[in-house]
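>>> build me a model from this:
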Amino acid sequence: MASSKPFHSEEELTCPFCSRRLREPKILPDCLHRICRYCLAGLIRATPTNLLLCLICETEYVVPEQGVDGFKTDVRMAEIIKSLPKEQLSQPNIPQTHGRREHYQNQLSEGTVHGLLEESSVSIDMITANGWKICGIANNNQGTMVLSGEVHEERSVIISIDTQGRVIHHRELDAERGSRYPAKFFCDFLSELEVATACLSGQVGIYNLRNKIYNYRRMADIFGIWPDNRYLTCVAVDRANCLILVGAKFQHGLGTDIFVFNKHLDFLHTLVLPEVVQHNGGMVVDNDKLLVCDRKTHRSFIFTMDQGRKMIRKTEEFAKPERFVTGQLSIASACIAGNSPFLLWADIKEEDSCWLLTKYTKDGSEIQQVNFVGNDGLAMCSSKIAGVEKINIATSVLGKVYSYALLPQVDHVYL
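Prediction:
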């Protein structure tokens with residue numbers, strides 16, 4: 001007698017992120033594709049924009065306020081998987097350790113060049129008390145740090161703090177009303193007292209720390225029309241040329257553009273990135289170099305720009321720290337410190353994500369240092385105060401900023 005059980009291919013039973021049999025499968029509402037609850041939770045934690053892209057069909061979703069619990073569990077699929085014989089539930093050969101920190105320490109002890117960093121942290125109670133979601137961080141050379149983020153769907157916030165974590169000033173800002181995208185707010189210092197900003201919902205602006213004035217322009221006013229399926233993804237400053245670079249993307253389109261503005265918020269031109277970049281989730285300008293984090297493909301690139309910042313002349317890709325990873329890699333952020341590029345990678349494994357701060361050679365081809373830096377962090381920047389260079393990493397909702405002082409360069413150290 002034929003079985004009454006519905007037939008499901010192995011592909012349907014497999015999570016597109018971890019490539020394992022689905023565990024507590026969550027179903028995406030429009031495309032109906034499924035993903036493990038744990039993988040979905042990790043992806044939500046690793047993105048500062050509240051936007052998720054289906055890994056199969058590229059349909060984009062705004063993360064609900066309940067986070068992973070806002071996506072329905074596919075109870076029927078869970079029952080089917082539970083009914084399968086245990087011997088069919090094959091598991092990948094992923095290293096099992098007593099703890100993630102121990103795993104990294106063991107890997108580092110096998111001869112990898114490892115640079116220890118002096119760690120400190122500050123807590124900003126205002127962030128946790130108000131439930132703000134931080135997605136941007138920037139530092140000037142006078143000891144002022146700026147954090148930016150979301151109050152709720154139509155309101156952003158910018159906060160300036162001192163080196164002790166004390167709030168100097170904060171201001172809530174109106175985002176685009178009626179936008180389908182949340183009021184995620186990104187930032188970078190244009191000068192010692194001016195902060196360039198970009199809002200996911202379609203604003204580019206400059207916030208003055210001295211007089212607390214926020215000047216901005218709506219993308220719809222600049223271009224005459226701004227499609228409701230287009231959004232801003234990040235901001236970076238070319239300080240040498242006083243330029244503001246703003247990343248943008250269409251919801252369902254491939255590729256990404258960079259809009260270039262001067263310090264008066266006049267639109268100058270568009271810099272088109274090569275097709276290899278599908279979602280510019282963060283970028284850093286270093287002279288004629290542009291570091292880009294692709295949040296869709298989880299790859300990072302170094303582009304060489306021409307003098308006018310209008311064309312890309314050369315493309316190189318960063319190596320991934322795969323030998324240190326026990327889960328799935330997701331790129332989080334980038335910065336320049338000590339004349340070297342640093343990338344922050346999220347190692348996502350079920351609900352136990354860890355972050356790796358990785359130092360590279362100038363061309364990104366070789367990894368020089370790998371440092372385990374905890375289990376939360378979305379945005380980072382560098383600072384140099386009183387001759388001490390630091391990398392600062394902001395958490396999304398915990399209200400903490402972790403700082404890592406770069407120790408003087410020494411010959412290769414093997415632990």
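>>> how many neighbouring residues does residue 308 have?
Neighbours of residue 308 under the rule other C-beta atoms under 10 Å: 11. All C-beta spots, glycine's among them, are computed from the backbone N, C-alpha and C.
>>> what is the burial count for residue 66?
8.
>>> any chance of the backbone angles for it?
phi -80, psi 0 (degrees, to the nearest 10).
>>> next one: it from residue 26, what distance?
Residue 66 sits 12 Å away from residue 26, going by C-beta to C-beta, to the nearest Å.
>>> verify the stated contact: residue 219 with residue 226.
Yes: the pair residue 219 and residue 226 qualifies as a contact (C-beta atoms under 8 Å) at a distance of 4.4 Å.
>>> give me the element the residue positioned nearest the centre of the chain is part of.
Geometric centre of the chain, nearest residue: residue 332, 3.4 Å, by C-alpha atoms, centre = their mean. Here residue 332 sits within strand 328-337, counting by DSSP states H and E.
>>> strand partners (parallel or antiparallel) of that strand?
As defined by DSSP bridges, the strand partners of strand 328-337 come to strand 340-348 (antiparallel).
>>> quick one: list the elements packing against the helix or strand just after the partner strand.
Using DSSP H and E, the next helix or strand after strand 340-348 towards the C-terminus is strand 354-360. Contact analysis of strand 354-360 by 3 or more C-beta pairs under 8 Å, 6 or more residues apart in numbering; DSSP states H and E lists helix 100-108, strand 340-348, strand 367-372, strand 388-394 as its packing neighbours.
>>> ok, which of the ones you listed comes nearest residue 356?
Closest approach to residue 356 among these is made by strand 340-348 (4.6 Å; C-beta to C-beta).
>>> mind saving the C-alpha coords of that closest one as CSV?
This file holds the C-alpha atoms of strand 340-348, laid out as CSV (Å, rounded to 0.1, in the frame of the first residue of the first chain):
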residue,chain,number,x,y,z
SER,A,340,45.5,48.3,8.4
PRO,A,341,42.0,47.1,7.4
PHE,A,342,40.0,45.3,10.1
LEU,A,343,36.8,43.3,9.5
LEU,A,344,34.2,42.2,12.0
TRP,A,345,32.8,38.8,11.2
ALA,A,346,29.9,37.1,12.9
ASP,A,347,30.2,33.3,13.4
ILE,A,348,26.6,32.2,13.6
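>>> what about it, average pLDDT?
The average pLDDT within strand 340-348 is 90.
>>> can you give me the angle it makes with strand 354-360?
Angle of strand 340-348 versus strand 354-360, following axes from the mean of the first three to the mean of the last three C-alpha atoms, to 10 degrees, is 160 degrees.
>>> any idea how far strand 340-348 is from the chain center?
Relative to its chain's centre, strand 340-348 lies at 10 Å (C-alpha atoms, centre = their mean, to the nearest Å).
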